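>>> Give the three-dimensional model of this entry:
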Amino acid sequence: MGKKRQKLVLPPELPPDVPDDEIEVSPEDVQFVQENSEYAGLFSKLDTHSITKHVSRVADANEDALESLYEKRLRKKLENDKGKEKSTLEVDPVDALPVKTLDGQLIYRRAKESKEAEVESKEGVSVSEDPALVKLTKAEKRLKQKKLRKEAKKQSKEEVVQTPQPQDQVLDEVKKDLTAEEESEKKKYKLAELGTALLADPESNIKHLKEMLEISKDGDSAIVTLGLKSLLAVFKDIIPGYRIRLPTEKEQEMKVSKTVKKMRFYESTLLSTYKSYVQKLIALQKHPVYKRVAVRCLCTLLAAVPHFNFRESLLTAVMTNIISQDDVVRKLCCATVKSLFTDEGKHDGEATLEAVKMIAELVKANNCQLHPDSVEVLLSLSFDEDLGKSEKSDMDKRAKNKKSKKRKVSDEPNQITDNERKKTRKEMMLKTREEVNADFKAASSGQDPQERRRMQTQTLAAVFQIFFRILKHAIQPSSEASPVSGASRSHPLLDPCLNGIGKFSHLIDLDFMADLMHCLRKLAGNGSKLGDSSGKASCQLSVSERLRCCIVAFKVMKNNLDALNIDLQEFFVQFYNLILEYRPGRDDGEVLAEALKIMLCDDRQHDMQRAAAFIKRLATFSLCFGSAESMAALVTVKHLLMKNVKCRNLLENDAGGGSVAGAISKYQPHVMDPNLSGALASVLWELNLLMKHYHPSVSAIASSISTMHTSNNQVYHSHVSPQQAYLELSQENKSFAPSTDTKRATNKKRRGNDYVPFKVGTDLDLMGQTDVNEIRKKLSEHFLLLRDIQENERLRSEFERTKMSLNLYESYKNQKKRKTR
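Below you'll find the model as predicted:
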């Protein structure tokens with residue numbers, strides 16, 4: 001008999017390795033070890049590696065047999081775990097907490113199945129078995145089919161019961177509205193968070209710009225407007241003070257530092273987001289809902305950062321809306337363009353030149369049929385006073401240098417070598433100066449004066465191109481200017497054009513002065529020549545526009561008095577005839593007063609016949625029209641009589657005007673030329689009627705004029721201009737009530753001979769103070785009644801709302817009860 005084989009026994013399983021960080025030691029254990037350190041020294045000397053090797057060793061064992069034994073052990077363990085899971089039920093963690101093993105696994109406690117479940121398993125209906133593997137009997141199949149039919153009927157009944165009712169629809173809509181409001185509030189808070197983060201640290205949070213732009217693409221109009229305004233505030237704050245230039249391909253291939261990479265990423269992200277934002281604004285301005293918001297954002301950006309990229313697209317968008325029919329949009333764009341013209345330090349005049357050129361293109365494309373605001377913005381331009389003089393002085397210096405050089409060459413033909421040396425020295429000096437100037441320009445932040453002069457000359461040329469185009473359009477006959485049948489002959493741009501010519505007349509080139517005066521002369525005569533009795537005119541202008549043409553001609557003449565020698569007789573003739581065509585309600589009285597001041601009162605010595613003609617016509621004019629126009633005319637008459645002593649013979653009562661009658665012995669009031677009217681042969685009988693005028697100021701100045709003596713040769717100075725007199729009396733006429741007491745008026749006439757402005761009495765303030773308490777009482781009762789009506793309406797609307805909410809709540813409760821059943 002051989003030796004019996006020993007049965008292999010596997011060593012027990014070792015506990016899992018746990019890292020030292022996960023081992024939790026209580027302070028009591030630490031204290032115990034520290035107190036008994038003599039006994040704990042044994043554990044520090046243990047060799048765990050050799051112990052584990054000794055424990056896990058199996059003597060005289062084959063490796064294949066050991067592997068098979070280990071596999072059997074794992075199988076048994078897995079089978080035991082499955083059996084436990086089948087025979088037991090997992091307990092809820094709320095009832096019993098799980099146990100954590102040494103290896104970190106959580107083991108949930110399980111309980112044994114009840115006896116009923118064991119009986120069912122014995123009968124053959126196992127819970128864990130797959131029903132597809134079990135064969136059912138006929139009776140079981142019938143029962144199963146009946147159950148399925150019953151369940152289908154129940155589901156059909158529930159579907160019938162759960163048909164949507166109007167109350168349910170209302171509830172669903174309310175829920176949707178609530179969710180939409182919550183989402184909009186979240187988006188608003190998100191915009192606020194992103195904007196504050198960007199303003200706090202734009203370089204590190206530059207990616208938030210794209211998120212804000214995505215939120216602004218929402219379908220809700222409130223979110224869109226809020227997003228656009230938030231982006232506008234952020235861009236205004238973080239846009240740098242220079243124009244961004246993206247790196248080229250070669251520059252991108254070069255190795256750069258981290259700071260340069262970060263700056264490039266920041267600038268590229270900012271530029272791309274800004275571009276998409278500007279494109280979105282340009283697209284949204286076509287929608288009527290977002291038009292005003294988009295235009296406001298565009299105008300704000302253009303006014304705040306005109307030096308930055310995409311200025312051309314902003315400027316084109318603003319200039320297209322400057323001719324808009326919407327008053328708000330048009331005024332906003334005009335204010336932005338004016339700010340561009342006044343603040344040229346931000347863009348060095350480049351944006352000004354571009355804007356003026358765009359206005360010129362708009363005037364040309366629309367055939368001068370635009371709103372006056374589009375050309376009035378040009379009046380806010382400012383130019384240097386020595387703009388035209390500097391170029392002439394440079395040309396004169398160059399010509400003098402050439403002449404001096406020629407003289408020197410002719411006087412010293414023998415000193416060629418010395419001149420050559422001097423030339424080389426001068427060339428070297430010029431080169432060094434040019435280099436120094438170039439370095440100075442690069443270092444200095446200010447604009448080059450030559451560049452500024454060049455920009456201003458181009459801008460001025462574009463401005464006068466606009467003005468001359470408008471004048472040419474106004475002069476054209478109706479057949480050429482309006483080829484379409486039924487087209488109106490209006491000149492909306494003529495008034496701002498004439499104002500602009502009067503403002504910048506000192507900058508007009510003298511070569512164009514004759515053509516300009518010819519145009520103004522033709523417009524003042526309404527396109528017809530003097531003495532043309534046919535009445536046909538090539539252009540149809542109002543009296544105010546023709547008067548303004550005469551004013552502009554005199555302004556041009558006054559500003560260029562040294563260089564011009566032009567006779568203004570025709571403008572006096574036109575003005576003499578326009579006084580009779582004036583109508584107070586139709587024409588502007590301020591323009592007439594300005595014409596009287598500039599043409600007759602501004603320190604100009606007039607011919608005696610012309611002065612007498614204007615005195616007589618203005619006296620006649622003051623009889624026919626209102627008190628303000630009469631006052632301006634009489635102030636002008638008094639001024640002319642003070643300056644022209646011989647014209648005071650018109651105040652005499654003799655037939656024929658006293659001692660001075662002139663070459664013409666009879667007064668001819670219907671003659672067009674004032675020099676041929678013979679006014680010196682007439683008498684100012686109109687003053688006798690004007691002294692009885694209903695307005696005391698007019699009667700006072702008429703009496704002061706009538707008392708002027710011919711013997712006194714002293715020249716008086718008038719302190720009141722026709723414009724001031726017109727404005728004062730036009731303001732007083734709003735609250736003026738003519739008095740019926742004639743004695744007071746005669747006493748005022750006797751007292752003073754000078755111009756005394758009328759002061760309104762306090763009688764108007766005392767009117768209507770009777771029964772004030774009754775009026776207050778009735779008004780209080782009326783407004784109390786209105787307040788009660790409004791309060792009743794508010795209470796009724798609240799009652800309807802509460803009633804509707806209660807009905808909805810009852811329907812919701814009924815629906816919930818049906819579902820629970």
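>>> Tell me, how many residues neighbour Thr820?
Neighbours of Thr820 under the rule other C-beta atoms under 10 Å: 5. From N, CA and C alone the C-beta is placed, and that goes for glycine too.
>>> what does the average pLDDT come to for the longest helix out of those in the chain?
Selection of the longest helix in the chain by residue count, based on DSSP state H, yields helix 772-820. Mean pLDDT, computed over helix 772-820, is 83.
>>> Can you find the helix or strand in the protein with the smallest mean pLDDT?
Least confident helix or strand, the chain: helix 763-766 with a mean of 39, by mean pLDDT, DSSP states H and E.
>>> Okay, now the unreliable bits of the stretch 651-800 of the chain?
Counting by pLDDT under 70, the ranges of the stretch 651-800 of the chain that qualify are 653-663, 709-719, 733-771.
>>> quick one: the helices in it?
686-690, 696-706, 722-732, 742-751, 763-766, 772-820 (DSSP state H, counting those that start in this stretch).
>>> now these as TSV including distance to Ile664?
As requested, the helices of the stretch 651-800 of the chain are exported to TSV (distance: least, C-beta to C-beta, whole Å):
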stretch	distance to Ile664
helix 686-690	20
helix 696-706	24
helix 722-732	28
helix 742-751	34
helix 763-766	50
helix 772-820	66
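>>> Of all those, which one is nearest Asp567?
The closest of these to Asp567 is helix 722-732. By C-beta to C-beta, the value is 24.3 Å.
>>> Taking helix 696-706 as reference, get the angle to the closest one.
150 degrees (axes from the mean of the first three to the mean of the last three C-alpha atoms, to 10 degrees).
>>> packing partners for helix 722-732?
Where contact means 3 or more C-beta pairs under 8 Å, 6 or more residues apart in numbering; DSSP states H and E, helix 722-732 is packed against helix 589-596, helix 627-643.
>>> Would you mind finding the most buried of the ones you listed?
helix 627-643 (a mean of 25; mean count of other C-beta atoms under 10 Å).
>>> ok and that one relative to helix 696-706, angle-wise?
20 degrees.
>>> Would you mind putting the CA coordinates of helix 627-643 into CSV?
Only the C-alpha atoms of helix 627-643 are listed here, as CSV (Å, rounded to 0.1, in the frame of the first residue of the first chain):
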residue,chain,number,x,y,z
SER,A,627,-48.3,145.5,-35.0
ALA,A,628,-45.0,143.5,-34.9
GLU,A,629,-44.3,144.1,-38.7
SER,A,630,-45.3,147.7,-38.4
MET,A,631,-43.0,148.2,-35.4
ALA,A,632,-40.0,146.7,-37.4
ALA,A,633,-40.8,148.9,-40.4
LEU,A,634,-41.1,152.1,-38.3
VAL,A,635,-37.8,151.4,-36.5
THR,A,636,-36.2,151.1,-39.9
VAL,A,637,-37.8,154.4,-41.1
LYS,A,638,-36.5,156.1,-38.0
HIS,A,639,-33.0,154.8,-38.6
LEU,A,640,-33.0,156.0,-42.2
LEU,A,641,-34.3,159.4,-41.3
MET,A,642,-31.6,159.7,-38.6
LYS,A,643,-28.8,158.9,-41.1
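>>> what's the average pLDDT for that helix?
Rounded mean pLDDT across helix 627-643 is 90.
>>> From Phe571, how far off is Ile551?
Going from Ile551 to Phe571 by C-beta to C-beta, to the nearest Å gives 9 Å.
>>> any shared contact partners between those two?
Residues touching both Ile551 and Phe571 comprise Met599, with contact defined as C-beta atoms under 8 Å, 6 or more residues apart in numbering.
>>> quick revisit: dump the helices and strands packed on helix 722-732 to JSON lines, plus distance to Pro492.
Formatted as JSON lines, the helices and strands packed on helix 722-732 follow (distance: least, C-beta to C-beta, whole Å):
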{"stretch": "helix 589-596", "distance to Pro492": "16"}
{"stretch": "helix 627-643", "distance to Pro492": "26"}
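>>> Which one, of those, ends up nearest to Ser699?
Here helix 627-643 is closest among these (C-beta to C-beta), at 10.0 Å.
>>> Tell me the predicted confidence for His208.
90.
>>> List the residues that contact it.
Per C-beta under 8 Å, 6+ apart, neighbours of His208: Leu194, Ala197, Leu198.
>>> burial of the nearest residue to the second one once chain neighbours are set aside, as a residue count?
Nearest-residue entry for Ala197: Asn205, 4.6 Å, with adjacent residues in sequence omitted and distances by C-beta to C-beta, 6 or more residues apart in numbering. Asn205 is flanked by 17 other residues according to other C-beta under 10 Å.
>>> how about the helices in the stretch 201-350 of the chain?
Under DSSP H, counting those that start in this stretch, the stretch 201-350 of the chain gives helices at 208-215, 221-238, 249-253, 258-284, 291-304, 311-321, 327-342, 350-365.
>>> Tell me what angle the fourth one forms with helix 291-304.
Using the same axes, to 10 degrees, the interaxial angle of helix 258-284 with respect to helix 291-304 works out to 140 degrees.
>>> Give the buried residues for helix 258-284.
Tyr266, Glu267, Leu270, Leu271, Thr273, Tyr274, Tyr277, Val278, Lys280, Leu281, Ile282, Leu284 (16 or more other C-beta atoms under 10 Å).
>>> one step back: can you spell out which helices and strands pack onto the longest helix of the chain?
By 3+ C-beta pairs under 8 Å, 6+ apart, helix 772-820 packs against helix 166-200.
>>> 10 Å instead?
helix 138-161, helix 166-200 (3 or more C-beta pairs under 10 Å, 6 or more residues apart in numbering; DSSP states H and E).
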